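Engineer: quick one: sequence plus predicted model below, questions after.
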2 protein chains.
Amino acid sequence: METAWAHELRGAGLRVTRPRLAVLSVLAEHPHADADTIVTGARDLHPSLSPQAVYGVLKALVAGGIARRIEPAGAPALFELRVGDNHHHLVCRSCGVVADVDCAVGAAPCLSPSDAAGFVVDEAEVVFWGLCSVCHGPNRQNHQLDIRGGATA
Amino acid sequence: METAWAHELRGAGLRVTRPRLAVLSVLAEHPHADADTIVTGARDLHPSLSPQAVYGVLKALVAGGIARRIEPAGAPALFELRVGDNHHHLVCRSCGVVADVDCAVGAAPCLSPSDAAGFVVDEAEVVFWGLCSVCHGPNRQNHQLDIRGGATA
DNA sequence: CCCTTGTTTTGAATCAGTCAAATCAAGCGC
DNA sequence: GCGCTTGATTTGACTGATTCAAAACAAGGG
C-alpha cells in the first residue's frame, strides 16, 4: 500500500515528495522536534536535504493542517503531528523537554476567557511551565541551562 | 517625592538609573511594548539610549520581578508591568494587538493539568488567539498581515 | 510521454536577541 | 561632600533561527 502519509498529503492537496515523507517520518519518531532535529533526522532518508527545504515542507504541512507549530518562549519552534485534538503542552524549564497534556477541562473550554475585550477568539493555547521528572527528582543534575525564568500562575 | 518607580527599583535591589526610569515610563504608556518600541519611546527621555542598554534594562526588570516578558508565537517579545496577578493574554492574529484577560477560572486553577506526566508545574501560560474588534468588525480591513495561521482549540 | 505547476535547491539576507570588553555612574562609607 | 566599589551602560561585533528570491527540478494530469 501507499503509505498513510502519502494519503494525508494528498488529502491536504499537497504533492507526495521524498522530502515531505522524510519529514513526516522524523516527526512520527520525534513528536516534538525542532527544525534542526528534523533536518538531521530526515537526511537518513534523503541525504541531500537542505534546511530551507525542511522549512518549506514544514510550512506546507502546517498550512495543510497535517502538522502544528508550537513555539515555547525562548526556544526554537517545535513541530508535532497531533492536530485538531485540543491538547496542550508541558515544558521543562531546565531541559526544554515537551510533553502533551489533554485539555484539562473538557472539549474546548479554554475558548471562553471571562472578558474577551471584543475579540473573536478561535484558539486557546496553554503552556504549563515547570520541571520534568528527570530535572526535579532527587537525582536532579540540571542537565541543561534554564531556558526561561520567573514563576507566576 | 521620589518617583514610585525608583522605589520599585530599589525594592528589587536595583540601582535607579535614567535608562531604567525611561524604560519604565514607556512601559507605563504602552502596556505591551516590544523592545523596539521601548527603545524609540525611551529616547524621548534619554536620547542616547542604545538598544543593548534597553535589553539590559529589560533583563534586569524581568529578573527583579518588576516586568514580565511575553512571547506570542511569531512575534518579537513584549514586555509588561503587570506582574504576579495571574492574568493571560488575547492576541489578534491580524494586527498583533495584545489585550489582558484576568484568569477565567479563579486564583491559579490553570496550574492543574489533568495529567502532569511527572512534571512539577509552577506556571500556566494561556494565550487566546483570535481577531480584535477592529480586525473582525464590518469595517475590517486587515490592517496588517497575519502573524500566525491555524485554528485549533 | 510531455507539459504545467507546485517543490526543492541554492545562495544570500533579515531580524531579534546575545556576548564581551571598556567606560561610566549610583550610592555607600568616610 | 569625595572617592571608591560595584553594578550599569556603551560600543561594536556576532550568533542562530527563520525568510526571501530566482533558478533547477519533478509530481502527476492529459
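Structural biologist: Yep, that arrived. Numbering: from 1, shown residues only, chains lettered A, B, ... in the order given.
Engineer: only C-alpha atoms for contact and neighbour calcs from this point on.
Structural biologist: OK.
Engineer: what are the phi and psi angles of residue A:62?
Structural biologist: phi -70, psi -40 (degrees, to the nearest 10).
Engineer: number of nearby residues for it?
Structural biologist: 19 (other C-alpha atoms under 10 Å in any protein chain shown).
Engineer: okay, it: pLDDT?
Structural biologist: We have a pLDDT of 96 for residue A:62.
Engineer: what's near enough to touch residue A:92?
Structural biologist: A:98, A:129, A:130, A:131, A:132, A:135, B:119 (C-alpha atoms under 8 Å, 6 or more residues apart in numbering or on different chains).
Engineer: look up how far residue B:120 lies from it.
Structural biologist: 9 Å (C-alpha to C-alpha, to the nearest Å).
Engineer: show me the shaky parts of chain A.
Structural biologist: Applying pLDDT under 70 to chain A picks out residues A:1-2, A:103-115, A:137-153.
Engineer: break it into its domains for me.
Structural biologist: A:4-70, A:85-136 (automatic domain parsing).
Engineer: which element is residue A:56 on?
Structural biologist: If you go by DSSP states H and E, residue A:56 is part of helix A:51-63.
Engineer: okay, that helix in CSV with CA atoms only?
Structural biologist: Output of helix A:51-63 as CSV, limited to C-alpha atoms (Å, rounded to 0.1, in the frame of the first residue of the first chain):
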residue,chain,number,x,y,z
PRO,A,51,17.4,23.2,5.9
GLN,A,52,15.4,25.5,3.6
ALA,A,53,13.7,22.6,2.1
VAL,A,54,12.6,21.5,5.5
TYR,A,55,11.3,24.9,6.4
GLY,A,56,9.3,24.8,3.1
VAL,A,57,8.0,21.4,3.9
LEU,A,58,7.0,22.3,7.4
LYS,A,59,5.2,25.4,6.2
ALA,A,60,3.3,23.3,3.7
LEU,A,61,2.4,20.7,6.4
VAL,A,62,1.2,23.4,8.8
ALA,A,63,-0.8,25.2,6.1
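Engineer: rewinding a little: quick check: neighbours shared by residue A:92 and residue B:120?
Structural biologist: With C-alpha under 8 Å, 6+ apart as the test, residue A:92 and residue B:120 both reach A:130, A:131, A:132.
Engineer: what about the strands in chain A?
Structural biologist: A:33-34, A:68-70, A:78-80, A:87-92, A:98-102, A:120-131 (DSSP state E).
Engineer: the fifth one versus strand A:120-131: what angle between them?
Structural biologist: Relative orientation of strand A:98-102 with respect to strand A:120-131: 130 degrees, computed using axes from the mean of the first three to the mean of the last three C-alpha atoms, to 10 degrees.
Engineer: strand A:98-102 packs against which elements?
Structural biologist: Counting by 3 or more C-alpha pairs under 8 Å, 6 or more residues apart in numbering or on different chains; DSSP states H and E, the packing neighbours recorded for strand A:98-102 are strand A:87-92.
Engineer: name the residues of chain A found near DNA strand C, please.
Structural biologist: A:13-15, A:17-20, A:48-54, A:56-57, A:60 (C-alpha under 7 Å from any atom of the strand).
Engineer: are any of those residues buried, and which?
Structural biologist: Buried members of the residues of chain A next to DNA strand C, counted by 16 or more other C-alpha atoms under 10 Å in any protein chain shown: A:19, A:20, A:49, A:54, A:57, A:60.
Engineer: just give me the closest of the residues you listed to chain B.
Structural biologist: Taking C-alpha to the nearest C-alpha as the measure, chain B lies nearest residue A:60 of those, at 11.9 Å.
Engineer: how about the closest one, nearest residue that isn't a chain neighbour?
Structural biologist: The shortest distance from residue A:60 to any non-neighbouring residue, by C-alpha to C-alpha, 6 or more residues apart in numbering or on different chains, is to residue A:14 (7.8 Å).
Engineer: how distant is stretch A:24-41 from the center of its chain?
Structural biologist: With C-alpha atoms, centre = their mean, to the nearest Å as the basis, stretch A:24-41 stands 10 Å off its chain's centre.
Engineer: distance of residue A:54 relative to residue B:90?
Structural biologist: 31 Å.
Engineer: what does residue A:122 give?
Structural biologist: For residue A:122, the distance to residue B:90 - C-alpha to C-alpha - is 11 Å.
Engineer: re the thing from before, single out the most deeply packed of the domains of chain A.
Structural biologist: Comparing the domains of chain A by mean neighbour count (mean count of other C-alpha atoms under 10 Å in any protein chain shown), domain A:85-136 ranks first with a mean of 19.
Engineer: ok now it, how far from the chain's centre?
Structural biologist: Its chain's C-alpha centre lies 12 Å from the corresponding centre of domain A:85-136 when counted by C-alpha atoms, centre = their mean.
Engineer: contacts only, for the closest residue to residue A:99 other than its chain neighbours.
Structural biologist: Of all residues not flanking residue A:99 in the chain, residue A:90 sits nearest, at 5.1 Å (C-alpha to C-alpha, 6+ apart). If you count contacts by C-alpha under 8 Å, 6+ apart, residue A:90 has them with A:98, A:99, A:100, A:101, A:127, A:128, A:129, A:130, B:116, B:119.
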